[in-house]
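1. Sequence first, then the predicted structure:
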There are 2 protein chains.
Amino acid sequence: MKFEHVRHKPPTELTKDRALLIAISPLRSNVNLSTIFRTAGCCGVKEIIATGNVKLVNKIARDGAEHVTLTVKNSLPPVLKKLKQEGYTLVGLEQTTHSTRLADYAFLKKTALVIGSEREGLSDDCLIQLDAVVEIPVWGMPFSYNVATATSMALYEYCRQYPAG
Amino acid sequence: MKFEHVRHKPPTELTKDRALLIAISPLRSNVNLSTIFRTAGCCGVKEIIATGNVKLVNKIARDGAEHVTLTVKNSLPPVLKKLKQEGYTLVGLEQTTHSTRLADYAFLKKTALVIGSEREGLSDDCLIQLDAVVEIPVWGMPFSYNVATATSMALYEYCRQYPAG
């Protein structure tokens, strides 16, 4: 048979640590946060900065809960200011004026992907600090992706552009 | 301010209906199935063929539950045979021998994306019928994406290749 299962295939080696960091607005759902952790772990992301009432669901985050460093902060705007000072390009995931289609956006390697909350998205205090905003097109109802789904698409696109780290 | 929220932005128009269909092995979790429905709805997918003990969670599937036709079948292999006869290219999402990296795979427009179950993936009865298998690289623990996450990445990649349908 041509296609045979290859379970536990060794992961792709990164030539260097991922320079991608994820910074997340307060989420209503720790399921969404935990889903993001699992995906981030698979993508080799080293750190997530989360805000709000953070509690990882280990059954969902799986090994991501151990392999991705969780840093909890009270509020995102001061975090973004510091990341900017550390040389991160701040890229929001949102539908805004002057946003770029995710697939058309060339990520800089040292990027902080900035995620909004489920209903309100990114606050103005965050938006004003961003270097770029990427958006994912929608073609049908309900016209908005779940936050963990959108984040996974953005992680996929970043990794597509930097398959070796 | 440069980046201002554009909520309820009109969706991207498709010049024709999506020729992408999703066929899903029995899933343990109707949360995963419902998450796939929401994403499929956003991507303009018209139909999902699901198998097993199917029950959509409307709160998760959102409008996807109404806008994506759900067809329930007992078993996937006969479905794949029929889809093949109807001219669909059958593309599995799995880690197998002879699989192609998702980002390197040029989708044919009329494609059935074939999704495996959470633990066992695609059965041999399905694998043997596939025209191609795409896989998404992993770079870190837990070395496997959640099934709804992987499906969303595959939908993103297909839509990236066919932004107008």
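-> Noted; the coordinates are in hand. Just so it is clear, the model here is predicted, and its values are computed rather than measured.
2. Say whether chain B is contacted by stretch A:125-142.
-> Yes - residues of stretch A:125-142 contacting chain B under CB under 8 Å from any CB of the partner chain: A:127-128, A:130, A:133, A:136-142. Any C-beta I mention is one placed from the backbone N, CA and C, and that applies to glycine too.
3. would you turn those residues into TSV with secondary structure?
-> Converted to TSV, these look like this (DSSP: H, G, I helix; E, B strand; the rest coil):
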residue	secondary structure
A:L127	helix
A:I128	coil
A:L130	coil
A:V133	strand
A:I136	coil
A:P137	coil
A:V138	coil
A:W139	coil
A:G140	coil
A:M141	coil
A:P142	coil
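4. what about burial for those, which qualify?
-> A:127, A:130, A:133, A:136-142 (16 or more other CB atoms under 10 Å in any protein chain shown).
5. between the residues you listed, which is nearest A:G64?
-> A:I136 (21.7 Å; CB to CB).
6. Provide a list of residues in contact with the closest one.
-> A:93, A:101-102, A:145, A:150, A:153-154, B:156 (CB atoms under 8 Å, 6 or more residues apart in numbering or on different chains).
7. And for A:L93?
-> A:102, A:113-116, A:133-136, A:150-151, A:154.
8. what do you get if the cut-off is 7 Å, keeping everything else the same?
-> A:113-115, A:134, A:150-151, A:154 (CB atoms under 7 Å, 6 or more residues apart in numbering or on different chains).
9. One more: A:D17?
-> A:46, A:165.
10. how close does it get to A:I36?
-> 19 Å (CB to CB, to the nearest Å).
11. Next one, pLDDT for A:R7 please.
-> We note a pLDDT of 77 for A:R7 in this prediction.
12. Regarding it, what is its secondary structure?
-> coil.
13. burial of the residue lying closest to it once chain neighbours are set aside, as a residue count?
-> In space, and not counting its chain neighbours, A:R7 is closest to B:Q95: 6.9 Å by CB to CB, 6 or more residues apart in numbering or on different chains. B:Q95 has 21 neighbours, counted by other CB atoms under 10 Å in any protein chain shown.
14. Right, I'll leave it there.
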